[in-house]
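Undergrad: sequence first, predicted model second:
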Amino acid sequence: MAVAGSPEAPLEFLQLVADPLRWQLLCRLAQSDYRVGELAAEEGKAQNLVSYHLGLLRSAGLVSARRSSADGRDSYYRLDIARLGEGFAAAGKTLHPALQLARSPHDIHKASRRRPRVLFLCTGNSARSQMAEALLVDRSGGAIDARSAGSHPKPLHPGAVRVMFERGIDISGKRTKSLDRFAHTRFDRVITLCDRVKEICPEFPGAPITAHWSVPDPAADAPTDEDGYSMFVSCADDIESRVHLLIADVECHVEPTGRAHVAR
């Protein structure tokens, strides 16, 4: 692609994302992390064709990949929505200054009769899902009801407590919970943060919107020194960036009555 900021860059960006298959891949990755085989199945395309187009998106910095912790032979692909937004903003600005994209503040209807409900799942419910739950509640100003659980609960990790405290959130009194506890609870969204849990995630009542965030476990064999703690910081940064995008997406699905839309 052309150098960022050059007159050719916006045109090349638009040509890249305008391809029908690449656009469909971007739309799917905007909602969840996927493996290439899953994307090929969703689109009804050959896996090598999907891999080729993902390679182009990766070369442009719009998509990244990380090895699955459930199967190291496979990788999960993730969309860099911020980078994608920058591309669209630059294209609009190049055409005319009045077309610059302005970011609007989140405004979930707080006077709703029922808050949207989100469940985060991982293996131990000791770090990732606890951080996601706390961040979503805090960053939405309590407008979203978030819960978390694990397939094999373990004690809350002190690294998770510390990294949340540094973000102004106290989770020291939180208990870890089994996902079985919520087996019959209705949620608007269920999000897995662990590649292993994604493979065994049960179906929940009401057909909630599901998504997967392939986030490395900071508590897995992490050293107890500052290098180990930096893994919790990176994890929290990753989750927080996704939480802000989730809030914007939930806002778009809140109906006038305050009832969150549930996919059928």
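TA: That came in fine, so what should we check first? Numbers count the residues shown, from 1 in each chain.

Undergrad: check Ala2 and give its pLDDT.
TA: According to the prediction, Ala2 has pLDDT 50.

Undergrad: ugh, typo on my part, it should be Gly228
TA: On the pLDDT scale, Gly228 gets 77.

Undergrad: any idea how far it is from Lys198?
TA: Look at Gly228 and Lys198: by CB to CB, to the nearest Å, they are 25 Å apart. Where C-beta positions appear, they are placed from N, C-alpha and C, glycine not excepted.

Undergrad: more neighbours, these two?
TA: Lys198 (24 against 14; other CB atoms under 10 Å).

Undergrad: residue contacts, the more buried one?
TA: Residues in contact with Lys198 (CB atoms under 8 Å, 6 or more residues apart in numbering) are 70, 192, 212.

Undergrad: can you report phi and psi for Phe204?
TA: Main-chain dihedrals, Phe204, degrees, to the nearest 10: phi -110, psi 150.

Undergrad: OK, contacts around it?
TA: By CB under 8 Å, 6+ apart, Phe204 lies in contact with 119, 182-183, 185-187, 190.

Undergrad: for Lys174, same thing?
TA: Lys174 neighbours (CB under 8 Å, 6+ apart): 130, 134, 156.

Undergrad: over to the second one. Which of the three states is it?
TA: This means Ala134. Put simply, Ala134 is helix when judged by DSSP: H, G, I helix; E, B strand; the rest coil.

Undergrad: where do the strands sit along the stretch 101-250 of the chain?
TA: 117-122, 145-150, 189-192, 209-212 (DSSP state E, counting those that start in this stretch).

Undergrad: partner strands of the third one and their direction?
TA: Spelled out, that is strand 189-192. Paired strands of strand 189-192, with direction, are strand 117-122 (parallel), strand 209-212 (parallel) (DSSP bridges).

Undergrad: surely Leu56 and Val17 touch.
TA: No. Counting by CB atoms under 8 Å, Leu56 stays clear of Val17, with 10.1 Å between them.

Undergrad: okay, the two: which has more neighbours?
TA: Val17 (18 against 15).

Undergrad: name the element the more buried one belongs to?
TA: Assigned by DSSP states H and E, Val17 falls within helix 8-18.

Undergrad: tell me the contacts of the residue nearest to Cys194 when sequence neighbours are not counted?
TA: The shortest distance from Cys194 to any non-neighbouring residue, by CB to CB, 6 or more residues apart in numbering, is to Cys122 (4.0 Å). Residues counted as contacts of Cys122 (CB under 8 Å, 6+ apart) are 128-129, 148, 150-151, 192-194, 197, 217.

Undergrad: okay if I get those residues as TSV plus neighbour count, distance to Glu86 and pLDDT?
TA: Listed next are those as TSV, based on neighbours: other CB atoms under 10 Å; distance: CB to CB, whole Å; pLDDT from 0 to 100:
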residue	neighbour count	distance to Glu86	pLDDT
Arg128	32	27	96
Ser129	32	30	97
Ser148	26	31	97
Gly150	23	35	96
Ser151	20	37	95
Thr192	28	28	97
Leu193	28	26	97
Cys194	27	30	94
Val197	23	32	95
Asp217	21	30	92
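
Undergrad: nearest to Ala91 among these?
TA: Leu193 (32.6 Å; CB to CB).

Undergrad: for Leu135, see how far away that closest one is.
TA: In terms of CB to CB, Leu193 sits 12 Å off from Leu135.

Undergrad: and for these two, which residues touch both?
TA: Common neighbours of Leu193 and Leu135 (CB under 8 Å, 6+ apart) are Ile239.

Undergrad: take the contacts of Lys174 and write them to a markdown table, including pLDDT and distance to His244.
TA: As requested, the contacts of Lys174 are exported to a markdown table (pLDDT from 0 to 100; distance: CB to CB, whole Å):
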| residue | pLDDT | distance to His244 |
| --- | --- | --- |
| Gln130 | 97 | 18 |
| Ala134 | 97 | 14 |
| Leu156 | 94 | 24 |
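
Undergrad: top of those by number of neighbours, please.
TA: Ranking these using other CB under 10 Å puts Gln130 first, with 26 neighbours.

Undergrad: so that one sits against Lys177, correct?
TA: No. The pair Gln130 / Lys177 is not scored as a contact, 9.7 Å apart, by CB under 8 Å.
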